[in-house]
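Trainee: Next input, structure requested:
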Amino acid sequence: MKKLTAFAVGGAIALSGTPAFAQTIDESEVIGTGDAQVTLITHTTAPVQPGFDSWVLLDWMDDITDATQFQVRADGGEGVEVGYPGNTIDHSSLYWNDSLEPGEVDYTALNIRVDPSIVEPILLDVTLTYVSASGPVTVESVVVVPVLGDVATGGLTYEEGSLGAIGEGEAEWVGQELAAETDVSGVEIKVVDDAGFAVSYPFAAGMTQPSSGPNLEAGAADVARVKFDADGMEAGTYDVTLEVDYFVGSENRTDEVTRQITVGDEAPTTTTAAPTTTAAPTTTAAPSTTQAPSTTVAAPTEVFAGTSAAAWNLDPRGKDKAKKKGKFEVGIPELDQWTIYTNQPAGTPSGNPGLISGAKSSNGSGKYDIDGGETSAETGSIVLPDSDSITLSLSYYFSYLSNSSSSDYLKITVIGESGETVILNERGAASNRNAVWTSLTADLSAYAGQEITIWVQAADKSGESLVEVGVADISITG
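Mentor: A predicted model of the protein is given here:
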């Protein structure tokens, strides 16, 4: 994959203010047998919040020849904890892989947690090791990490009190309502004290998320579902504790919420259906669809939904160039994140399968994103009724990182006997866009009585930038 590009002003950095930090950061010191060729671009990181986990990024540039086996470790001294991405554990490597080619720029990520007593900038000792053409190289550098003086406001708020009641020996999906005071991302919720209940999450995952996805905008409210099984539990009211992990900007926050569940006489006599949201699996069979033969739409009932492989013809024109691992497939997307960015959400809004560009999680590596060109899919023929009002609705996400450009795209076209209509045409950009399920509706009344197909195209044409796409919950009513 193509490395991220960045621009920076070289040279030393002089800090002013507190005397202890009014000094010039020296050039990096090189140790080892090889020739130094990698330059640290970042000398001052984004600020961190005392008492919270924060991800900071360090940009590196290769000047001469290939640098391989790239590993970064850091030490902030007393009161500073340094962590690394989960896929490397004891060090941080580059975003795309563990090597740089001449002229390329990529970054490493460090998780910094500063003791609440620290209010001044910290000097982070950074050690880079890599292998050059002439041998192993160690580069020792110092990076300034600013520390915010005031605790950031905002975050999540939670409904208090009871989660509901469950009959003795029964199992129910219950919901925790939450609201965002400011923009939050990467919301994950786990039960850390189950009080003896057997707990399960949507899609047999190890956590749950809000129904609309892991990211909430300021002012948004949502619900996250968890299934509690009261088998073997005695009648009574129990306290359960939820752990909510999320980001406010680059701050990683963790809240604990204690709620109550009643088992026994106060429980409802009817069984609650499993939630049909992003965070909960559906308990009903997916609507039946037809592949190539026509599907007749009976107004006003929804009869088409792209929830099975039979609903889609993949690479219908036989011209797709995208690499196999990132091509469209029908499935449930697995959560994929890199530091504070969500490349792919966990599940779909309904819990039914969707059309996904590589449904497996890459764990931030980009292994299953779209690469090398276009991937496409098209429904079989759908016969619309001769109705005055026909509506197509769907959910989609289009995510990319800052190495994207307007050459990358997601396009959805309705093709009928009288012509075709592009109902969505979005382009990439040189910025970071999280994967968030978004609703889309289109009026298909102009195609009443006709046979149509829905054609979805997505592409990475920016030299293999990171691009992920999902289309789900397609329905037509008329």
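
Trainee: C-alpha from now on. contacts and neighbour counts both.
Mentor: Noted.

Trainee: Which of the helices and strands in the protein ranks last by mean pLDDT?
Mentor: Lowest by mean pLDDT, DSSP states H and E among the helices and strands of the chain is strand 295-296, with a mean of 46.

Trainee: okay, and for the stretch 51-200 of the chain, where does confidence drop off?
Mentor: 149-153 (pLDDT under 70).

Trainee: What's the separation between the residue nearest to the spatial centre of the chain and N434?
Mentor: Nearest to the geometric centre of the chain sits T342, at 2.1 Å (C-alpha atoms, centre = their mean). T342 is 5 Å from N434, where distance means C-alpha to C-alpha, to the nearest Å.

Trainee: what's the answer for A220, then?
Mentor: In terms of C-alpha to C-alpha, A220 sits 16 Å off from N434.

Trainee: Have a look at those two and say which one is more surrounded.
Mentor: Shown here are A220 and N434; by other C-alpha atoms under 10 Å, N434 has more neighbours (22 against 15).

Trainee: Strands of the stretch 51-200 of the chain, start to end?
Mentor: 53-62, 68-75, 80-83, 105-114, 122-132, 135-145, 156-158, 162-166, 171-180, 185-193, 198-200 (DSSP state E, counting those that start in this stretch).

Trainee: per-residue pLDDT, A292?
Mentor: For A292, the pLDDT comes out at 37.

Trainee: And G449, by the same measure?
Mentor: Per the predicted model, pLDDT is 88 at G449.

Trainee: Then the one 4 residues further on?
Mentor: On the pLDDT scale, T453 is placed at 91.

Trainee: Is it correct that it falls within a strand?
Mentor: Yes - per DSSP: H, G, I helix; E, B strand; the rest coil, T453 lies within a strand segment.

Trainee: what number of residues lie near it?
Mentor: Neighbourhood size, T453 [other C-alpha under 10 Å]: 19.

Trainee: Contact partners for it?
Mentor: With contacts defined as C-alpha atoms under 8 Å, 6 or more residues apart in numbering, the neighbours of T453 are E378, T379, G380, S381, I382, V414, I415, G416.

Trainee: If we use 6 Å, what do you get?
Mentor: Residues near T453 by C-alpha atoms under 6 Å, 6 or more residues apart in numbering: T379, S381, V414, I415.

Trainee: Go through those residues and flag the one the model is least confident about.
Mentor: Comparing the contacts of T453 by pLDDT, S381 comes last, at 84.

Trainee: Return the distance of T453 relative to S141.
Mentor: Separation of T453 from S141 (C-alpha to C-alpha): 58 Å.

Trainee: any idea how far A235 is from G167?
Mentor: 9 Å.

Trainee: wait, doesn't R225 sit right on L178?
Mentor: No - checked against C-alpha atoms under 6 Å, the pair R225 and L178 is beyond contact range at 11.2 Å.

Trainee: so what pLDDT did V257 get?
Mentor: Here, the pLDDT recorded for V257 equals 92.

Trainee: Could you tell me how many residues sit around G86?
Mentor: Quick note: G86 (other C-alpha under 10 Å) scores 12 neighbours.

Trainee: whoops, G264 was the one
Mentor: The local packing of G264 (other C-alpha under 10 Å) involves 18 other residues.

Trainee: ditto for V143
Mentor: 20.

Trainee: likewise N87?
Mentor: Residue neighbour count, defined by other C-alpha under 10 Å, stands at 12 for N87.

Trainee: and if you look at E417?
Mentor: 11.

Trainee: A446 versus that one, what's the distance?
Mentor: 11 Å.

Trainee: go on, P202?
Mentor: Applying C-alpha to C-alpha, the value for P202 to A446 is 39 Å.

Trainee: And the two? Which one has more around it.
Mentor: Between P202 and A446, counted using other C-alpha under 10 Å, the more crowded position is P202 (26 against 15).

Trainee: Give me the nearest residue to E170, chain neighbours excluded.
Mentor: The shortest distance from E170 to any non-neighbouring residue, by C-alpha to C-alpha, 6 or more residues apart in numbering, is to A230 (5.5 Å).
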